[in-house]
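With the sequence up front, the predicted model follows.
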Amino acid sequence: MVRRNSIADLAAMKAEGRPIAMITAYDYTAAALVERSGIDLILVGDSLGMVMQGRDSTLPVTVDDIIYHTKMVMRGCSRPLVISDLPFMSYAQPSDALRNAARLMTEAGCQSVKLEGGAARAATIEALVAEGVPVMGHLGFTPQSVNTIGMKVQARESDAAARLLRDALALQEAGAWAVVLELIPAPLAAAITERLSVPTIGIGAGAGCSGQVQVWHDLLGLYEDFVPRHTRRYRTLGDEIVGGLEEYADDVRNGRFPTAANSAKMDADVLQRALGSLEGER
Ligand code: KIV
């Protein structure tokens, strides 16, 4: 039987200096493909608001949305550890966080939740961890705060960099088992990673993190024109898919699909008898 990666496995990877690979996934098929790839962690991110729902931010995503997508992901994989995002305003108070994390873990079946924010979240993280909920933190560019911090590289100046380091230490102290570092200068991310005992997972934070996370659609090239700077496109599946759809439509329109090989056979006399019996009924 395949054993699911545990938080202890991820801690060991950090301790042994083995880089951690994490990717977002939002449905059964994607999770099954991640399983085949051997990637360590799946994030059911609230980025689903943008890449699955076509919204312009993560803010409208609900706990029910995350549960719906996490259930599909859980059916598709048995080895990667699955982390689900607590969406905007679903953890404003520790009591909200406890109620909603309980739903993500019991109804959807993820192994950890992720929430955004620094030292101000320490009490919430402590409350979750005390109840047995593993928490991944998220610092730097935190998409749920896009309207207050703007979509840009964070903590470029020394005051903000020192604050971010203090935040990272506060999350670890509160019991977070890992911290995502998004869109911060690479040397700062490396310095934080050196000072934390828990893994850091970077996105747009350079190579000095314990691991990396990328959004499925960015990594696999599902969009025609949008390539964030922090992404490398490993495939251009968008072009592949459009090419396949165009060929399919052309074959249908020109009578090349389906062929006999795609169709079920019937002996002519069987059909004749069927048609004849209908004639008799007239
Ligand atoms: O929602 C998400 O996909 C994320 C990653 C970008 C880390 O939070």
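Nice, thanks for sending it over. Numbers count the residues shown, from 1 in each chain.

The ligand contacts on this structure?
Taking Cβ under 6 Å from any ligand atom as the measure of proximity, the chain contacts the ligand at T24, L43, G45, D46, S47, D85, V180, E182, I203, V213, V215. Bear in mind the C-beta positions are built from the backbone N, C-alpha and C, glycine included.

Out of the residues you listed, which comes closest to S6?
L43 (16.3 Å; Cβ to Cβ).

Would you check that the closest one makes contact with I83?
Yes. Counting by Cβ atoms under 8 Å, L43 touches I83, with 5.1 Å between them.

Which one of these two is surrounded by more residues?
The neighbour comparison of L43 against I83 (other Cβ atoms under 10 Å) goes to L43, with 31 against 27.

Contacts only, for that one.
By Cβ atoms under 8 Å, 6 or more residues apart in numbering, the residues touching L43 are M22, I23, T24, A25, I83, S84, D85, K114, V213.

Next, format the residues you listed as TSV and append pLDDT and secondary structure.
Shown next, in TSV, are the contacts of L43 (pLDDT from 0 to 100; DSSP: H, G, I helix; E, B strand; the rest coil):
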residue	pLDDT	secondary structure
M22	98	strand
I23	98	strand
T24	98	strand
A25	98	coil
I83	98	strand
S84	98	strand
D85	98	strand
K114	99	strand
V213	98	strand
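
follow-up on the earlier one: could you dump the residues of the chain next to the ligand to JSON lines with secondary structure?
As requested, these are exported to JSON lines (DSSP: H, G, I helix; E, B strand; the rest coil):
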{"residue": "T24", "secondary structure": "strand"}
{"residue": "L43", "secondary structure": "strand"}
{"residue": "G45", "secondary structure": "coil"}
{"residue": "D46", "secondary structure": "coil"}
{"residue": "S47", "secondary structure": "coil"}
{"residue": "D85", "secondary structure": "strand"}
{"residue": "V180", "secondary structure": "strand"}
{"residue": "E182", "secondary structure": "strand"}
{"residue": "I203", "secondary structure": "strand"}
{"residue": "V213", "secondary structure": "strand"}
{"residue": "V215", "secondary structure": "coil"}
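
can you give me the helices for the stretch 51-200 of the chain?
Per DSSP state H, counting those that start in this stretch, the stretch 51-200 of the chain carries helices over the ranges 63-76, 94-103, 122-130, 146-149, 158-174, 186-195.

Using TSV, lay out the contacts of L43 together with distance to N254.
Shown next, in TSV, are the contacts of L43 (distance: Cβ to Cβ, whole Å):
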residue	distance to N254
M22	44
I23	39
T24	39
A25	37
I83	47
S84	46
D85	46
K114	49
V213	44
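
L219: which of those residues is nearest?
Nearest to L219 among those: I23, at 6.7 Å, using Cβ to Cβ.
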